[in-house]
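Novice: heads up, no residue letters with this:
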């Protein structure tokens with residue numbers, strides 16, 4: 001048995017962000033909630049508005065959607081997000097302009 005908790009934040013920049021925690025056997029709901037909240041705060045502190053695990057999905061949706069909507073702020077780029085960027089370039093010919101802030 002397990003459970004999941006998801007946190008979502010609304011920033012003043014009109015962006016949404018969040019993080020989640022998955023309960024494994026024996027984990028108390030309070031522990032899962034604390035871990036998810038801590039991960040969410042960590043992402044915000046790093047300037048991100050999306051969970052590190054969701055970076056590849058965000059990049060894919062941005063590549064498939066209208067260019068006007070393809071702007072997002074993420075924390076440090078993860079290895080899976082880097083692989084996704086390369087795949088999007090190879091398959092769709094889509095390249096992103098990335099700039100640190």
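Specialist: Everything's here; your move. Note that this is a predicted model, so its numbers are computed, not measured.
Novice: can we go C-alpha only for contacts and neighbour counts from here?
Specialist: OK.
Novice: List the residue ranges of this protein that fall below the pLDDT cut-off.
Specialist: Per-residue confidence for the chain (pLDDT under 70) gives these ranges: 1-25.
Novice: What are the buried residues along the longest helix along the chain?
Specialist: Taking DSSP state H as the criterion, the chain has its longest helix at helix 29-45. With burial defined by 16 or more other Cα atoms under 10 Å, the residues of helix 29-45 counted as buried are 29, 32, 33, 35, 36, 37, 39, 40, 41, 43, 44.
Novice: list the contacts for the spatially most distant residue from the centre of the chain?
Specialist: Using Cα atoms, centre = their mean, the residue of the chain lying farthest from its centre is residue 26. It sits 26.8 Å away. Going by Cα atoms under 8 Å, 6 or more residues apart in numbering, residue 26 touches no other residue.
Novice: I'd assumed it was in a strand, is it?
Specialist: No - counting by DSSP: H, G, I helix; E, B strand; the rest coil, residue 26 is not found in a strand; it is coil.
Novice: For this structure, which segments count as helices?
Specialist: Taking DSSP H to define them, one finds helices in the chain at 29-45, 55-64, 79-92.
Novice: count of residues packed around residue 72?
Specialist: In terms of burial, residue 72 registers 14 neighbours under the definition other Cα atoms under 10 Å.
Novice: do the same with the one 4 residues further on
Specialist: When neighbours are defined as other Cα under 10 Å, residue 76 has 14 of them.
Novice: how close does it sit to residue 27?
Specialist: For residue 76, the distance to residue 27 equals 29 Å [Cα to Cα, to the nearest Å].
Novice: so how far is stretch 78-91 from its chain's centroid?
Specialist: 15 Å (Cα atoms, centre = their mean, to the nearest Å).
Novice: correction: stretch 53-66
Specialist: Shown here is stretch 53-66, whose average C-alpha point lies 10 Å from the average C-alpha point of the whole chain (Cα atoms, centre = their mean).
Novice: Contacts for it, please.
Specialist: Judged by Cα under 8 Å, 6+ apart, the contacts made with stretch 53-66 from elsewhere in the structure are 69, 70, 71, 74, 77, 78, 80, 81, 84, 85, 88, 94.
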